[in-house]
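A.B. asks: Output the structure for:
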Amino acid sequence: MPRDAESWLADRGITREVVFDPAAADDAIADDEEPDGAASAVPSGPSDDVPTGAVDEGELRRALAFVRRSASAAPQAEGRLRDKLLERDLAPEVVAAALAVARAERLVDDRAMIAALVAERRARGHASARLRRDLLARGFVEGDVAAALGAVEPTDPEAEAFAQARAAAARHRDVAPETALRRTVDHLRRLGHPDGLARKVGREAVFADREAERTAGR
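C.D. replies: Numbers count the residues shown, from 1 in each chain. Coordinates of the predicted model:
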């Protein structure tokens with residue numbers, strides 16, 4: 001298991017994400033700007049990974065330059081890259097060819113990226129609702145996201161939420177019970193647990209923690 005999702009992605013040639021801002025990434029990449037060696041990086045002939053047919057070589061270079069620069073700024077979903085390329089008035093066949101090269105270079109691998117990100121975020125305690133929201137916001141498709149989440153769905157979501165609530169309640173023993181409850185519930189909401197469940201297990205956790213502390217102090 002990798003240290004975290006971004007390290008896993010970095011092993012495949014994708015730079016570790018620091019702060020992901022799609023707008024900033026777009027602004028930083030000029031349409032016609034190509035990194036050094038971009039032209040030589042374009043395949044000289046057809047391959048199994050690149051769609052055959054009439055593809056303008058100059059446009060393909062421009063598309064590949066954008067993909068490589070954009071992917072090096074932050075790991076991105078293939079769908080997001082496709083949308084950005086089409087917004088730059090590139091022909092669909094050019095976009096398809098550029099993304100095929102990106103897949104061959106392991107610059108994009110949606111299912112592997114989703115699996116790694118889910119494993120990392122689940123380790124942090126993120127609930128399925130937040131994971132789904134965050135992954136869709138990154139541009140991944142619903143089917144791939146649903147499949148990845150289905151493989152790690154907890155058998156008892158309430159027990160999982162209660163365990164997280166107990167840990168949060170223990171961190172707030174030095175404040176009034178109502179403050180501890182509010183902070184615990186807010187923590188569970190940020191993890192993506194539904195409001196009703198967050199309130200229910202939050203109350204139970206704060207009570208259980210205070211009762212255990214009171215009993216231990218006797």
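
A.B. asks: pull the helix or strand with minimum mean pLDDT from the protein.
C.D. replies: None of the helices or strands of the chain scores lower by mean pLDDT, DSSP states H and E than helix 38-41, at a mean of 37.

A.B. asks: Which positions in the next helix or strand after that helix come out as buried?
C.D. replies: Next in sequence after helix 38-41, counting helices and strands by DSSP states H and E, comes helix 57-73. Residues of helix 57-73 classed as buried: 59-71, 73 (neighbour count, 16 or more other C-beta atoms under 10 Å). Placement of C-beta: from N, CA and C, glycine included.

A.B. asks: remind me which residues of this structure are low pLDDT?
C.D. replies: 1-53, 213-218 (pLDDT under 70).

A.B. asks: what ranges do the helices span in it?
C.D. replies: 5-10, 22-28, 38-41, 57-73, 78-87, 92-104, 110-123, 128-137, 142-150, 157-170, 177-191, 195-216 (DSSP state H).

A.B. asks: so what does the fifth one touch, helix or strand wise?
C.D. replies: Which is helix 78-87. In this structure, helix 78-87 packs against helix 57-73, helix 92-104, with contacts taken as 3 or more C-beta pairs under 8 Å, 6 or more residues apart in numbering; DSSP states H and E.

A.B. asks: how about a cut-off of 6 Å?
C.D. replies: Applying 3 or more C-beta pairs under 6 Å, 6 or more residues apart in numbering; DSSP states H and E, one finds that helix 78-87 makes contact with helix 92-104.

A.B. asks: how distant is the helix it packs on from the center of its chain?
C.D. replies: Its chain's C-alpha centre lies 22 Å from the corresponding centre of helix 92-104 when counted by C-alpha atoms, centre = their mean, to the nearest Å.

A.B. asks: For it, output the C-alpha coordinates as PDB.
C.D. replies: Output of helix 92-104 as PDB, limited to C-alpha atoms (Å, rounded to 0.1, in the frame of the first residue of the first chain):
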ATOM      1  CA  PRO A  92     -12.300  15.500 -31.400                       C
ATOM      2  CA  GLU A  93      -9.900  13.200 -33.200                       C
ATOM      3  CA  VAL A  94      -6.900  15.200 -32.000                       C
ATOM      4  CA  VAL A  95      -8.200  15.100 -28.400                       C
ATOM      5  CA  ALA A  96      -8.700  11.300 -28.600                       C
ATOM      6  CA  ALA A  97      -5.200  10.800 -30.000                       C
ATOM      7  CA  ALA A  98      -3.600  13.100 -27.300                       C
ATOM      8  CA  LEU A  99      -5.500  11.200 -24.500                       C
ATOM      9  CA  ALA A 100      -4.400   7.900 -26.000                       C
ATOM     10  CA  VAL A 101      -0.800   9.000 -25.700                       C
ATOM     11  CA  ALA A 102      -1.400  10.200 -22.200                       C
ATOM     12  CA  ARG A 103      -2.800   6.800 -21.200                       C
ATOM     13  CA  ALA A 104       0.200   5.100 -22.700                       C
END
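
A.B. asks: could you give the angle of that helix to helix 78-87?
C.D. replies: Here helix 92-104 runs at 150 degrees with respect to helix 78-87, directions being taken by axes from the mean of the first three to the mean of the last three C-alpha atoms, to 10 degrees.

A.B. asks: Return the angle between stretch directions for helix 92-104 and helix 110-123.
C.D. replies: Here helix 92-104 points in a direction 60 degrees away from that of helix 110-123 (the same axes, to 10 degrees).

A.B. asks: and helix 92-104, what does it pack onto?
C.D. replies: Here helix 92-104 is seen to pack against helix 57-73, helix 78-87 when contacts are counted using 3+ C-beta pairs under 6 Å, 6+ apart.
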